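Q: need a structure here:
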Amino acid sequence: MIRVLIVDDSAVVRKILSGELSKYEDIQVVGTAIDPYVARDKIVKLKPDVVTLDIEMPRMDGLSFLAKLMKYHPIPVVIVSSLAPENSETALKALELGAVDVVAKPSSVYSVPAISRLVHAIRAAASAKLPRQIPSETSRLARSIDLPREIQTTHKIIAIGASTGGTKAIEVVLRDFPPSAPGTVIVQHMPEYFTASFAQRLNRICRVEVREAKDQDSVIPGVALIAPGGKHMVLKRSGARYIVRIKDGPPVHYQKPSVDVLFQSVALNAGRNAIGVLLTGMGADGARGLLAMHENGAYTIAQDEQSCVVFGMPREAIKLGAVDEVLPLGDIARRIFEVLVRENKRR
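A: Numbering: from 1, shown residues only. Below you'll find the predicted structure:
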């Protein structure tokens, strides 16, 4: 049974979340709080397994409370935020501070996708590893990678999938990419609006260009495209070049965008010219897609359990025999480019 404390200044939201979450047999709402001061006392008294936290609240904002919570009483936190562009940067800051996930705030009891996503996030948070084991800034700088000039990357594709804990994991991998890295396509489970801010933030700190994908964007060296929240992204061939198509459709493994949808398309259209990477996250999204890539000749990598926030997705891929190599997060980028250099020498 997962014991949940709901922290939100809106009585309506507290009522909706309490009622909907209580319908799930493995979740018990042990209490609610109108602000961080009430929440602090209830955390000590009720000992919840997971806290859902609003960002904008009276007396103390959610970010300030989260920072104090992570310092003095670390506990898995899921940020529940309104779907608005202005909230996305704040939510990303919350992930940096230690929140496990960020989900869209349901507008009513009829917001079934939002509730389902929240339940998934709570279950993932309950099994999340705190504190996280992230490579230090110093070690990342020491591993800066540059490709030899003779290595051609125009025909290569790197595909990355992640969920819970993935925002930081993707950052760790992409920050090591050289400017000449192959075209990269990424699915991170995030709501609408939040993926654009996530891409902008990565673009400011990475040597490759990072942006939220648009329909028919070309996949070219030096550019990483992140699937927009609320849409699926697939890789296609257009003559001699690769493009992405952004499309609607039902969620896969409760997710939209789905890692499996992207990886299956990469398997079909890039085959042995691709490298697949499955990072931290709960559930099985991406496992079968990575298997398809592996069977079509792609080199496949999974993040190891010790460095994952949640080992679910990589574990499922390993069980299927979809993975060529299991690596700590900090070693993944360098291994990608070692594989590229090795394959270039074989040509």
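
Q: Which parts of this protein are strands?
A: Applying DSSP state E to the chain gives strands spanning 2-7, 27-33, 50-53, 77-81, 101-104, 157-162, 183-188, 209-212, 223-226, 232-238, 241-247, 274-278, 299-303, 325-327.

Q: Give me the angle between the first one and strand 27-33.
A: Counting by axes from the mean of the first three to the mean of the last three CA atoms, to 10 degrees, strand 2-7 lies at 30 degrees to strand 27-33.

Q: what are the pairing partners of strand 2-7, and which direction each?
A: In the sheet, strand 2-7 lines up against strand 27-33 (parallel), strand 50-53 (parallel) (DSSP bridges).

Q: Which parts of the chain belong to which domain?
A: 2-126, 137-346 (automatic domain parsing).

Q: Buried deepest among those, which one?
A: Mean neighbour count (mean count of other CB atoms under 10 Å) peaks for domain 137-346 among the domains of the chain, with a mean of 20. (Each C-beta comes from the backbone N, C-alpha and C, glycine too.)

Q: what residue ranges in the stretch 201-347 of the chain score low on pLDDT?
A: For the stretch 201-347 of the chain, applying pLDDT under 70 flags the ranges 347.

Q: picking that back up, I'd like the strands of the chain as CSV, with distance to His120 appended.
A: Shown next, in CSV, are the strands of the chain (distance: least, CB to CB, whole Å):
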stretch, distance to His120
strand 2-7, 12
strand 27-33, 11
strand 50-53, 12
strand 77-81, 10
strand 101-104, 8
strand 157-162, 14
strand 183-188, 14
strand 209-212, 22
strand 223-226, 20
strand 232-238, 17
strand 241-247, 22
strand 274-278, 17
strand 299-303, 19
strand 325-327, 24
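
Q: Relative to Leu95, which of these is closest?
A: Set against Leu95 and scored by CB to CB, the strands of the chain come closest in strand 101-104, at 6.3 Å.

Q: Mind giving me the packing neighbours of the closest one?
A: strand 77-81, helix 85-97, helix 112-126 (3 or more CB pairs under 8 Å, 6 or more residues apart in numbering; DSSP states H and E).

Q: which stretch among those comes nearest Asp146?
A: Set against Asp146 and scored by CB to CB, those come closest in helix 85-97, at 27.5 Å.

Q: CA-only coordinates of the closest one, as PDB, when you get a sec.
A: C-alpha atoms of helix 85-97 as PDB (Å, rounded to 0.1, in the frame of the first residue of the first chain):
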ATOM      1  CA  PRO A  85       3.900  27.300 -20.300                       C
ATOM      2  CA  GLU A  86       4.800  29.600 -17.500                       C
ATOM      3  CA  ASN A  87       4.700  26.700 -15.000                       C
ATOM      4  CA  SER A  88       7.100  24.500 -17.000                       C
ATOM      5  CA  GLU A  89      10.400  26.200 -16.100                       C
ATOM      6  CA  THR A  90       9.400  26.100 -12.400                       C
ATOM      7  CA  ALA A  91       8.500  22.400 -12.700                       C
ATOM      8  CA  LEU A  92      11.900  21.700 -14.300                       C
ATOM      9  CA  LYS A  93      13.500  23.500 -11.400                       C
ATOM     10  CA  ALA A  94      11.600  21.200  -9.100                       C
ATOM     11  CA  LEU A  95      13.100  18.100 -10.800                       C
ATOM     12  CA  GLU A  96      16.500  19.600 -10.300                       C
ATOM     13  CA  LEU A  97      15.800  20.100  -6.600                       C
END
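
Q: when you compare where it runs with where strand 77-81 runs, what's the angle?
A: 170 degrees.

Q: Going forward, count from 93.
A: Understood, numbering begins at 93; the last thing we discussed is helix 177-189.
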